[in-house]
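Undergrad: take a look and give me a structure for this.
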Amino acid sequence: MDLATDRGLTTALRSRGYQLRGPAGVGASGPAWSASSPTGERVVVSVLDLELTLVERRAALERLETLRGVAHEHLVRLEDLVAVDAHRTALVSAAVEGPTVGAVAAVRPAWAPGELVTLLVPLAGALGALHSRGLAHGDLAPENVVLGPGGVPVLVDLASIVLPTGGTRGFAAARGRAGSEADVESLARLGLSLLGAEGGPLRPVLEQAVRERPGAAELAARVFAAVPPEPIEVPEAAVLTRVALSQLADPRAVDRTLPDPRARRRRRVRLVLGTVAAVALALGTAGLLPERGGGAHGRDAVSQAAVELTLRRAEVLGARDASRLTEVLVEGSPAFVADEALLASLASAEDSSAVSARVLETRRLGSSEGRELVAVTSAYRWGTTEGEPREVVLALERTASGWRVVEVLAPGEEPGLVDAARGG
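TA: Model prediction:
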């Protein structure tokens, strides 16, 4: 995914005084972009493709016009609409600075009940504002809730309100159902996913909301009555950085489901959460230690290729250049889709601390279904902080351009259905 994917977007925005800066995330309608407004403020841009049936297009335009009249402090503000071409419109929304709920949950998977009151009640208020105008958010994924200054939650991804066919993870439209009731159920499920083992009196309230799907205001009242609110504990930036460094080399999957029929077929996507992974924007330098048991000169060609591809991937991520992903990955493969989503999820980084990667060890494991498997252990450093070394298994495929990565596996994990993931 690069700017060429959204042809004409740069020109259309520039004509209105906006300047694109880079990827900002992924929502129901596809990638979102970070940009500077004519006054120099950071904004977020997403593109709506309204090449739909006549009925669908009319409904989407009606939702868009209604959305322009909705204002709530816990719903990201729609700043502007920019026509890109006959079918596509760019939504320009305010940028909310802070980590997503998904990023914080990667550090703190279990929240105190009082913190969830502070999270859920304001979000229910934002949903109520939408529902009162006949709209639904439709994509209450943790990545679509940003904790602004002071841990104040804000719903983002306005495109999902206008085009409610897509969604991320299991929170989109409550497993396929649309409308206000599904939003309330999704919000309750979000709370349950963050609640600790005990949960106290809040757990039965949320479980009942999943079953009954009350109105947003009623859910807020029940949650507020169950437990006193308390501030949300947002981890320090250094803690988020350490997690980001670990996740850059961690092969465990974060599943995302994009059921929009216009989206390319995607299966398992290993996606580092946008706010946590912002450190990857600075990648660009890499050091190499000799391989254990033989040294760099003793590597076979396949293992050496795995090292070079690992370092080249860091260079590509550092450059934020999705057009170069094919220098490392087989286009359309699980690894390609994962890094494409990773690049789309990265917010522009203001920190200029140097980042480097070290390859500590490689081990050739043999072949499987015509692909060579190489275990690679590497560690990433950001400023003075170095993440723990992590091992992944690269499945390499010979292409006309040389060796490329087709899949990234956990040690001992079997290669997946690569052809299916590539849309075949």
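Undergrad: drop to CA atoms for contacts and neighbour counts, all remaining ones
TA: Fine.
Undergrad: and residue 395, which of the three is it?
TA: strand (DSSP: H, G, I helix; E, B strand; the rest coil).
Undergrad: count of neighbours near it?
TA: Neighbour count of residue 395, defined by other Cα atoms under 10 Å: 25.
Undergrad: mind pulling up the pLDDT for it?
TA: With respect to pLDDT, residue 395 has a value of 92.
Undergrad: okay, it and residue 376: tell me how far apart.
TA: As judged by Cα to Cα, to the nearest Å, residue 395 and residue 376 stand 11 Å apart.
Undergrad: do residue 161 as well
TA: 42 Å.
Undergrad: I figured residue 88 hits residue 47, correct?
TA: Yes: with contact defined as Cα atoms under 8 Å, residue 88 and residue 47 form a contacting pair (6.5 Å).
Undergrad: more neighbours: those two, which one.
TA: Using other Cα under 10 Å, the more surrounded residue of residue 88 and residue 47 is residue 47, with 22 against 17.
Undergrad: what pairs with the more buried one across the strands?
TA: residue 90 (DSSP bridges).
Undergrad: try residue 392
TA: Where residue 392 sits in a bridge, its partners, by DSSP bridges, are residue 376.
Undergrad: do you know how far it is from residue 334?
TA: 14 Å.
Undergrad: repeat that for residue 362.
TA: Taking Cα to Cα, one finds residue 362 at 21 Å from residue 334.
Undergrad: and residue 59, by the same measure?
TA: Separation of residue 59 from residue 334 (Cα to Cα): 34 Å.
Undergrad: same question for residue 13.
TA: 32 Å.
Undergrad: what about the strands in the stretch 1-150 of the chain?
TA: 19-27, 30-36, 42-49, 78-83, 88-94, 145-147 (DSSP state E, counting those that start in this stretch).
Undergrad: go through those strands and pick out the most buried.
TA: Of all those, strand 145-147 has the most neighbours on average by mean count of other Cα atoms under 10 Å, namely a mean of 26.
Undergrad: which other helices and strands contact that one?
TA: Secondary-structure packing of strand 145-147 (3 or more Cα pairs under 8 Å, 6 or more residues apart in numbering; DSSP states H and E): helix 101-107, strand 153-155.
Undergrad: most tightly packed of those?
TA: By mean count of other Cα under 10 Å, the helices and strands packed on strand 145-147 have strand 153-155 as the most buried, with a mean of 27.
Undergrad: can you list the neighbours in contact with that strand?
TA: 73-76, 96, 119, 122-123, 126, 140, 144-148 (Cα atoms under 8 Å, 6 or more residues apart in numbering).
Undergrad: more neighbours: residue 13 and residue 334, which one.
TA: Under the neighbour definition other Cα under 10 Å, residue 13 and residue 334 were set side by side, and residue 334 has more, 27 against 22.
Undergrad: would you check how far apart residue 102 and residue 302 are?
TA: Counting by Cα to Cα - residue 102 and residue 302 are separated by 36 Å.
Undergrad: let me see the mean pLDDT of stretch 135-154.
TA: In this model, stretch 135-154 has a mean pLDDT of 90.
Undergrad: in that stretch, what's buried?
TA: Across stretch 135-154, burial judged by 16 or more other Cα atoms under 10 Å covers 135-148, 151-154.
Undergrad: send the alpha carbons of that stretch over as CSV?
TA: In CSV, the C-alpha atoms belonging to stretch 135-154 read as follows (Å, rounded to 0.1, in the frame of the first residue of the first chain):
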residue,chain,number,x,y,z
LEU,A,135,-26.1,6.7,12.6
ALA,A,136,-24.0,3.8,13.9
HIS,A,137,-20.2,3.6,14.3
GLY,A,138,-20.0,0.0,13.4
ASP,A,139,-16.3,-0.6,14.2
LEU,A,140,-15.6,-0.5,17.9
ALA,A,141,-12.2,-2.2,17.7
PRO,A,142,-9.6,-1.3,20.3
GLU,A,143,-7.5,0.3,17.5
ASN,A,144,-10.4,2.7,16.8
VAL,A,145,-10.5,4.2,20.3
VAL,A,146,-7.6,6.7,21.0
LEU,A,147,-6.8,7.7,24.5
GLY,A,148,-6.1,11.4,24.2
PRO,A,149,-4.3,13.7,26.7
GLY,A,150,-5.3,12.7,30.2
GLY,A,151,-6.5,9.3,29.0
VAL,A,152,-9.7,10.7,27.5
PRO,A,153,-11.2,8.2,25.1
VAL,A,154,-12.2,9.3,21.6
